[in-house]
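Colleague: Below is the structure, and that's it, no one-letter string:
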């Protein structure tokens, strides 16, 4: 009964969020522009995640290497992205499973991903994480250093940069969503080799509609879909 209640809760939330995304797209975006609805699965039981997949979720966001390893064999087929802070010594554990690593913010990590991608014979798609508010407590490259990092990462043979990711500061986040959109468009206009600005990953449970307004192509929804987390 408890699991069935969880399924009903996810059903209702999925429909509400999906409709809100569609309304935001209709209000702010061109008809042919897509926005991916990612389900962030931190602390969520695989059975509940699978129910979200049955509802229509196609992309999962994983925050923790160890948790992902304990759950991945129970998941129904879905595209997996790593969105949490990634230590270089943990890259080897996820390299074969990730369609996209969103949280790359330094050359050392990018080089380690490149090394392991070469080892397993793949080109690993990544996003560069930008600390758009220059917050000490958050990961991400500063906006001022982004272009330099992109120039260095673009030289790696087994990595392909597909865009940018950010978590804006709480409170004045609309200001920073706008700033991130401007940065994204500026980088897009430069046409850097091996850098494709196809994805702008920004917007979470509390601000995804505003993020869509400012050009997000992928929103990362956790608590609004699955409920408040029991963080461990």
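Modeller: The structure has been received and is ready for your questions. Since the model is a prediction, treat every value here as computed from it, not as a measurement.
Colleague: Mind jotting down where the helices sit in this structure?
Modeller: 2-28, 46-55, 65-71, 91-94, 107-120, 146-153, 173-190, 208-213, 223-226 (DSSP state H).
Colleague: Would you mark the buried spots in stretch 25-38?
Modeller: 25, 28, 29, 35, 36, 37, 38 (16 or more other CB atoms under 10 Å). Every residue, glycine included, has its C-beta placed from N, CA and C.
Colleague: Likewise for stretch 182-198?
Modeller: 183, 184, 187, 188, 195, 197.
Colleague: Report the two of these separated the most.
Modeller: 183 and 195 (13.3 Å; CB to CB).
Colleague: Assess the claim that residue 125 and residue 163 are in contact.
Modeller: No - using CB atoms under 8 Å, residue 125 is not in contact with residue 163, being 9.3 Å away.
Colleague: Columns distance to residue 173 and pLDDT on top of the buried residues of stretch 182-198, output as a markdown table?
Modeller: Formatted as a markdown table, the entries for those read as follows, by distance: CB to CB, whole Å; pLDDT from 0 to 100:
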| residue | distance to residue 173 | pLDDT |
| --- | --- | --- |
| 183 | 15 | 97 |
| 184 | 16 | 98 |
| 187 | 20 | 96 |
| 188 | 22 | 96 |
| 195 | 26 | 95 |
| 197 | 21 | 95 |
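Colleague: Could I get those residues in TSV, plus columns for distance to residue 91?
Modeller: TSV is the format used below for the buried residues of stretch 182-198 (distance: CB to CB, whole Å):
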residue	distance to residue 91
183	26
184	25
187	24
188	27
195	21
197	24
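Colleague: which residues does residue 150 contact?
Modeller: The contact partners of residue 150, by CB atoms under 8 Å, 6 or more residues apart in numbering, come to 128, 161, 187, 192, 195.
Colleague: Report pLDDT for the fourth one.
Modeller: Residue 192 carries a pLDDT score of 91 in this model.
Colleague: Tally up the residues packed near the residue nearest to residue 193 when sequence neighbours are not counted, please.
Modeller: Ranked by CB to CB, 6 or more residues apart in numbering and with sequence neighbours excluded, the top spatial neighbour of residue 193 is residue 154, at 5.6 Å. Neighbour count for residue 154, taken as other CB atoms under 10 Å: 15.
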